[in-house]
Structures are given as C-alpha cells and as structure tokens.
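Student: need coordinates for the below:
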Amino acid sequence: MGFDLQWLLLGLPLTFALGWLASRFDLRQWRREQKDSPKAYYKGLNLLLNEQHDKAIDAFIEAVQQDPDTSDLHFALGNLFRRRGEFERAVRVHEHLLQRADLPRSERDRAQHALAQDFMKAGLFDRAESAYLALDGTAFDTEARLALLTLHERSRDWRAAVEVAAKLENRGTGSFASRIAHYWCEIALEADAKQHATDADTALKRARDAAPQAARPLVLAGERAARRGDHAEVLAVWGVLMVAHPNAFNLVASNYATSALAAGDGPAALERLRELYKRAPSMDLLEAITLLDPAHLRERLLAHLRNHPTLSAAKALIMQPDAASFTAIETQTLGDAIGRAAQPLHRYRCAACGFEAKLYFWQCPGCLNWDSYPPQRLEDL
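Tutor: Prediction:
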C-alpha cells in the first residue's frame, strides 16, 4: 500500500507538468493561427486594392481555410468571385453560409441578398426573383424591391413592374409615377401589337391616370388617334402636349401638321406652331410649319440659319430649287456632303450615360434610365 502511494505522489506532479505543457502548446498554436489568419486577410485586401484579383482570391481562400467560421471572409471571397464573373463559385460560397445553423439572422439575410445578386449577375432571373422575394420584410427589403424592378424591366414583365413600383411608392421610397406611366404605355403597345384595342385603351388610361402630365402617354394617345383617323382627337391631345411639354412636342410636330390638314384646321394650327417656334425654335417645328405653309420657305430657312447655324438648316437651304448660285450637280454634291457631316448630329443623346441613337427612346438602351433623352437632336441643343 505504501509503495502505491509513493508512486502516486510522484505521478501527480508529472501529470500536472505534462498537462501544463500541453495547454501551452495548444495556446501557442491557437495564437499562431489567430495571427496567421489576419495576415492572410490583410494580404488579400492589399492585393485587391492593387487590382491583383487572382492573387487576392488565393489569399482569401487561405484565410477562409484557417478560420472557416468567419462569415466576413466568406462574403469578401463571394464578392470577389462575382466581380470576376465566376458566378457559380460565388453561389457556392453564399449557399454555404446559408446552410450554417449558427449564422445570425442579420448575416443570413446578408447572405441571401448576396446570393440574389449572384443569380442576377449570372442572368438567372427566375432564381434571382425567388432570392429577392425571400428578403421581404428584412433590412434588405427596399434594395430587393428595387432590384426586382430592374429585373422585371429587363424581362419586360411590365405588370409585375407596376406592382413592385406601386409598393415602393406606398412605402415612401420615392415617386414612381412617371415609371409606372411608362410601364402602362409598354403594356398598351403590346396590346396594340396583338390587336387588342380595348386592352390598349385601358392601359393607356391607366398611364395617364398615373402621371397626368407625363409626355409619353400623350404622344401615344395622339398616335393611336391618328391611326384611327380621329384627327380632331389628335389635335386635342397633342395640344395639351404642346403646352405641357413643348420640347417633347418636337417628336410629333410633323404628324401634328398632317392631322391639322386632315381635320381642316390648318390656319389655327399654323398659328400655334408659329407661336411655339418663337419660344423654342427647332428644325422639327420649321418642317411642320412648312407642311402648313410651303411659301417663303427660303426666307424662313435663312432666318433660322442666322439665329441657329445648324447643318440641317444649311442643307435644306442649299437644296432649295431657287438656289440659283449653284448648278444642279453642285447643289446635289454640296447637299450630300453637308448631309453626311450632319448625320452624327441627327441623333439623340442620353443625358445619363451619353448613349446616342438615331431614334428617340423613352428608356435608354444603354443605362436603362427612363426619360433620360432630351427630346431634341444634338444639333438643336
């Protein structure tokens, strides 16, 4: 019994010493891991700032492997993958975060939002829509609805866009009346293309109810009335446009003059056009005035060219039959040369992104902003 007690007394200090050494070893290892993890993270951040994305990804992967429970590193890595266009890898990172049972609710919502962005960038619109809808009622609710609005516009799901825009407006995000009017105009155009006149009438009425003074519903209403041959309605609708949006009236000035002739209202329409031209002169208005009053065109062109020296006015003047100072061949040659030089100025330019187009767009094809095109060509600005 004494022998056993002696060995026990000798073993206790030895056991204590071994335990203390083991704890010191584990503590040093833990400290080393904690020290290495920030180094890898900061290394990745430095590489990212220096636009070395491939090396930054490697550094962040190393940091994640050393500290797999740190969600911020996963988010940084997922965002890097998305920026690089590696959407499948970004999706895997964010789905891994969502599968973690220990992830707080705020971080889970953040991962859901990041996953929705991955799907959106990858062009997987159906999955992006589901991911954004899952953010309803979260801190990302407004951002998700704005993204859904963009998604519906890109997929041309105008009715869904109307619903989302109305919810955003009701929640105080801002005024979406103009955009809602555009959506109803797009629905009206689709209905007209399918020859569903009643549906088009309803959609256009809703567009005008959403934004009574918006330019596009007035333009579209006049165009539809012209196709029906109701020229009195054309003059009434575009008369409102002339007052409310004199610059946008340039888009329909010539058609307005044509309807005025058809309705037998040429003199009154001519007077209105002349008054508008005094306030906001343009070649579009001058052409409309010429349709109603072909006489004295040369004098009008000369006056316009003196006050507004544009290539279009110069070409129109040179091409006049009474331009006696040039032979017919010279006149044609000069007209062609000026016409080619003026072509770049016959465009509309988006005020938001600078995208230029020969036709007028209510929504810019480049940046997808609405009403970003001034309704005047470059040479008239």
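Student: mind checking pLDDT for the closest residue to His346 other than its chain neighbours?
Tutor: Spatially, and ignoring its direct neighbours in sequence, His346 is nearest to Arg377 (5.6 Å; C-beta to C-beta, 6 or more residues apart in numbering). Quick note: C-beta positions are derived from backbone N, CA and C, even for glycine. pLDDT for Arg377: 85.
Student: please apply the same query to Phe75.
Tutor: 78.
Student: Asn255 too?
Tutor: Reported pLDDT for Asn255: 96.
Student: quick one: residues contacting the residue nearest to His346.
Tutor: Residues near Arg377 by C-beta atoms under 8 Å, 6 or more residues apart in numbering: Met283, Leu345, His346, Arg347, Tyr348.
Student: my read: Gly78 touches Glu88, true?
Tutor: No. If you go by C-beta atoms under 8 Å, Gly78 and Glu88 don't touch, sitting 11.4 Å apart.
Student: kindly export stretch 338-349 (C-alpha atoms) in PDB.
Tutor: C-alpha atoms of stretch 338-349 as PDB (Å, rounded to 0.1, in the frame of the first residue of the first chain):
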ATOM      1  CA  ILE A 338     -23.400  68.500 -95.600                       C
ATOM      2  CA  GLY A 339     -25.800  65.700 -95.100                       C
ATOM      3  CA  ARG A 340     -23.000  63.300 -94.300                       C
ATOM      4  CA  ALA A 341     -21.400  65.800 -92.000                       C
ATOM      5  CA  ALA A 342     -24.700  66.400 -90.200                       C
ATOM      6  CA  GLN A 343     -25.600  62.700 -89.700                       C
ATOM      7  CA  PRO A 344     -23.800  62.400 -86.300                       C
ATOM      8  CA  LEU A 345     -25.800  65.500 -85.100                       C
ATOM      9  CA  HIS A 346     -29.100  64.000 -86.100                       C
ATOM     10  CA  ARG A 347     -29.100  61.800 -83.100                       C
ATOM     11  CA  TYR A 348     -30.500  61.900 -79.600                       C
ATOM     12  CA  ARG A 349     -28.100  61.500 -76.700                       C
END
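Student: on that earlier part again, Gly78 and Glu88: which is more packed in?
Tutor: Gly78 (26 against 10; other C-beta atoms under 10 Å).
Student: elements contacting the helix or strand containing Asp109?
Tutor: Assigned by DSSP states H and E, Asp109 belongs to helix 105-122. Using 3 or more C-beta pairs under 8 Å, 6 or more residues apart in numbering; DSSP states H and E, the elements in contact with helix 105-122 are helix 71-83, helix 87-98, helix 125-133, helix 141-154.
Student: wait, which of those helices is closest to Thr290?
Tutor: Proximity to Thr290, assessed across the helices and strands packed on helix 105-122 by C-beta to C-beta, is greatest for helix 141-154 (39.0 Å).
Student: for that closest one, which helices and strands make contact with it?
Tutor: helix 105-122, helix 125-133, helix 158-170.
Student: nearest approach to His94 belongs to which of the ones you listed?
Tutor: Going by C-beta to C-beta, the one of the helices and strands packed on helix 141-154 nearest His94 is helix 105-122, 4.2 Å.
Student: so that closest one versus helix 141-154, what angle?
Tutor: Inter-element angle recorded for helix 105-122 and helix 141-154: 10 degrees (by axes from the mean of the first three to the mean of the last three C-alpha atoms, to 10 degrees).
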